[in-house]
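Participant: predicted structure and sequence below. I'll ask about it afterward.
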Amino acid sequence: MEEKPLYYKEIDHERVHIAYGMLKPHIAQPLTIHVVGTNGKGSTGRIMATLLQLSAYKVGHFSSPHILKFNERIWIEGKDISDEALDMAHEKLYGILGEKMSNALSYFEYTTLLAFVAMEKLEVIVLEAGLGGEFDATNVCSKALSVITPIGLDHQDFLGETIQEIATTKMNSIDKAFVLALQTEEVVYTVAEEIALKKKAEVYRVDTFKEKHFQEYKEVKRITEALGWSQYLFENTLTALMVLKKLKLSYVIEDLKKVELFGRFYRILPNVTIDVGHNLLAAKAISKALSKQEQQNGLVLVYNALNDKDYASILKEFKPYIKRVEIMQIETVRALKLELLEKELEELNISYELFHNINEKEEYLVFGSFYVVEAFLNNNNLI
């Protein structure tokens with residue numbers, strides 16, 4: 001797996017379908033919930049999976065990327081998959097596909113099929129798409145229900161230059177029904193109506209949750225506020241609950257208190273919040289989630305970016321709330337060149353320095369990507 005490149009300029013979209021065709025006769029497919037969108041996929045998926053697991057369902061959650069260890073991508077009945085179970089799934093998959101096909105598949109394609117094998121004996125799979133929708137490796141299987149989380153600009157090289165194009169690509173992955181999360185861009189609702197009409201699909205809009213389930217809405221608000229969850233995590237919770245309702249899967253609302261959302265606006269130290277978000281939509285959600293005290297006193301933003309991200313707009317979004325930026329160096333060929341980041345910070349008149357250590361008297365927000373969070377955790381011995 002480590003020898004496979006993580007990213008490709010061109011992808012053979014037929015290859016994973018051929019491989020899945022080879023695999024399908026040899027495995028069972030549990031009820032599958034397909035989660036697609038720009039932001040909120042991981043937290044929405046983990047909320048669903050945890051609530052189901054605590055209600056005695058045998059459930060798995062496939063997500064990406066991982067922060068510290070590959071096993072994080074395949075979560076089964078409350079735990080990351082063990083090395084032993086991963087080896088067994090690999091041996092079965094490799095044996096079915098053979099050397100030639102296994103080697104031809106991309107990192108994400110092989111990992112997706114590996115998750116299918118590892119989770120075949122469960123009752124429910126929460127399956128998170130990678131960066132796409134229609135052409136994503138996760139779209140090879142049939143779905144009981146699709147979930148469209150908030151959509152914004154990201155990965156334009158692969159998905160399209162406009163919100164409309166990106167939303168169309170993502171929503172073309174649905175089968176016959178989908179839940180549409182609260183959106184910040186009105187055009188997403190328009191695209192959803194067009195896709196639903198074209199596919200004769202049923203659409204369930206989360207913006208109707210308050211009206212249809214008012215008492216539960218208030219209860220979710222009360223619990224998430226008590227947990228210190230941000231507004232966007234509250235909204236993702238509504239999406240998760242809407243999905244479980246439509247599939248008639250039982251859950252206990254109080255079990256939200258047991259959901260672990262590591263890396264999603266997560267307070268890892270008394271003065272440090274980490275978030276694996278990496279695009280403008282995530283930055284806007286987080287800036288809204290900051291407390292009034294944090295907004296007034298100012299944060300230290302520990303930041304870096306990959307070279308395909310709109311780092312200028314992200315920094316502009318955070319500028320009113322930060323004292324300075326501390327640049328976290330990351331190890332990937334896709335990292336933004338340091339001189340480009342420094343130039344933008346200077347043009348925005350934001351003071352900056354390289355990250356060295358934490359000052360207990362200051363408040364920190366670690367943001368930029370999974371790479372940034374991983375580097376921060378390693379740097380501070382927090383793993």
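Facilitator: Perfect, thanks for sending it.
Participant: just the pLDDT at residue 6, thanks.
Facilitator: At residue 6, the model reports a pLDDT of 65.
Participant: which residues in the stretch 101-250 of the chain form helices?
Facilitator: Assigned by DSSP state H, counting those that start in this stretch, the helices in the stretch 101-250 of the chain fall at 107-118, 156-159, 163-171, 186-199, 209-212, 214-227, 231-246.
Participant: worst mean pLDDT among those?
Facilitator: Across the helices of the stretch 101-250 of the chain, helix 156-159 has the smallest mean pLDDT, namely a mean of 49.
Participant: may I have the residues that are in contact with residue 368?
Facilitator: Counting by C-beta atoms under 8 Å, 6 or more residues apart in numbering, residue 368 makes contact with 278, 302, 303, 304, 305, 328, 330. All C-beta atoms are positioned from the backbone trio N, CA, C, and that covers glycine.
Participant: restricted to strands, list those residues.
Facilitator: 302, 303 (DSSP state E).
Participant: shouldn't residue 172 be in contact with residue 134?
Facilitator: Yes: assessed by C-beta atoms under 8 Å, residue 172 is found in contact with residue 134 at 3.8 Å.
Participant: per-domain residue ranges of this structure.
Facilitator: By the assignment in automatic domain parsing, the chain contains the domains 15-258, 266-379.
Participant: tell me the most buried of those domains?
Facilitator: Sort the domains of the chain by mean neighbour count, taking mean count of other C-beta atoms under 10 Å, and domain 15-258 sits at the top with a mean of 19.
Participant: model confidence score at residue 325, please.
Facilitator: 97.
Participant: helix, strand or coil for it?
Facilitator: strand (DSSP: H, G, I helix; E, B strand; the rest coil).
Participant: gap between residue 132 and residue 217?
Facilitator: In this view, residue 132 and residue 217 are 32 Å apart by C-beta to C-beta, to the nearest Å.
Participant: so residue 223 sits right up against residue 257, yeah?
Facilitator: Yes: using C-beta under 8 Å, residue 223 is in contact with residue 257, at 6.5 Å.
Participant: what is the end-to-end distance of stretch 100-110?
Facilitator: End-to-end distance of stretch 100-110 (C-alpha to C-alpha, to the nearest Å): 12 Å.
Participant: same question for stretch 74-92.
Facilitator: Taking C-alpha to C-alpha, stretch 74-92 runs 16 Å from one end to the other.
Participant: any idea how far it is from the chain center?
Facilitator: 20 Å (C-alpha atoms, centre = their mean, to the nearest Å).
Participant: what's the answer for stretch 196-216, then?
Facilitator: 22 Å.
Participant: what residues does it touch?
Facilitator: By C-beta under 8 Å, 6+ apart, stretch 196-216 touches 174-182, 189, 192-193, 195, 217, 235, 238-239, 241-242, 245-246, 253.
Participant: how about a cut-off of 7 Å?
Facilitator: 174, 176-182, 192, 195, 217, 238-239, 242, 246, 253 (C-beta atoms under 7 Å, 6 or more residues apart in numbering).
Participant: now, which of those sits nearest residue 318?
Facilitator: Distance to residue 318, by C-beta to C-beta, is smallest for residue 182 among those, at 22.3 Å.
Participant: and the closest one, how close does it get to residue 51?
Facilitator: Distance from residue 182 to residue 51, by C-beta to C-beta: 19 Å.
Participant: and if you look at residue 354?
Facilitator: As judged by C-beta to C-beta, residue 354 and residue 51 stand 41 Å apart.
Participant: swap in residue 221?
Facilitator: According to C-beta to C-beta, residue 221 stands 17 Å off from residue 51.
Participant: residue 245 now?
Facilitator: With C-beta to C-beta as the criterion, residue 245 and residue 51 are 11 Å apart.
Participant: residue 211 too?
Facilitator: Taken as C-beta to C-beta, the span from residue 211 to residue 51 is 22 Å.
Participant: can you check residue 304 too?
Facilitator: 34 Å.
Participant: so what pairs up with the residue lying closest to residue 76 once chain neighbours are set aside in the strands?
Facilitator: Spatially, and ignoring its direct neighbours in sequence, residue 76 is nearest to residue 60 (4.6 Å; C-beta to C-beta, 6 or more residues apart in numbering). Residues in a beta bridge with residue 60, per DSSP bridges, are residue 76, residue 125.
Participant: so residue 60 touches residue 73, yeah?
Facilitator: No: counting by C-beta atoms under 7 Å, residue 60 does not reach residue 73; the two are 10.7 Å apart.
Participant: before we move on, the earlier item: got the helices of the stretch 101-250 of the chain as TSV, with distance to residue 288 columns?
Facilitator: Listed next are the helices of the stretch 101-250 of the chain as TSV, based on distance: least, C-beta to C-beta, whole Å:
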stretch	distance to residue 288
helix 107-118	31
helix 156-159	24
helix 163-171	19
helix 186-199	18
helix 209-212	18
helix 214-227	14
helix 231-246	6
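Participant: report the angle between the helix or strand hosting residue 22 and helix 107-118.
Facilitator: Under the criterion of DSSP states H and E, residue 22 resides in helix 15-23. Relative orientation of helix 15-23 and helix 107-118, computed by axes from the mean of the first three to the mean of the last three C-alpha atoms, to 10 degrees: 20 degrees.
Participant: and for helix 15-23, what's in contact with it?
Facilitator: Counting by C-beta under 7 Å, 6+ apart, 93, 96, 97, 101, 104, 105, 109, 113, 116, 137, 140, 141 sit against helix 15-23.
Participant: show me where the chain has its strands.
Facilitator: Using DSSP E, strands in the chain cover 31-36, 59-62, 74-76, 79-80, 124-128, 145-148, 177-180, 202-205, 266-269, 272-274, 299-303, 322-327, 352-354, 364-367.
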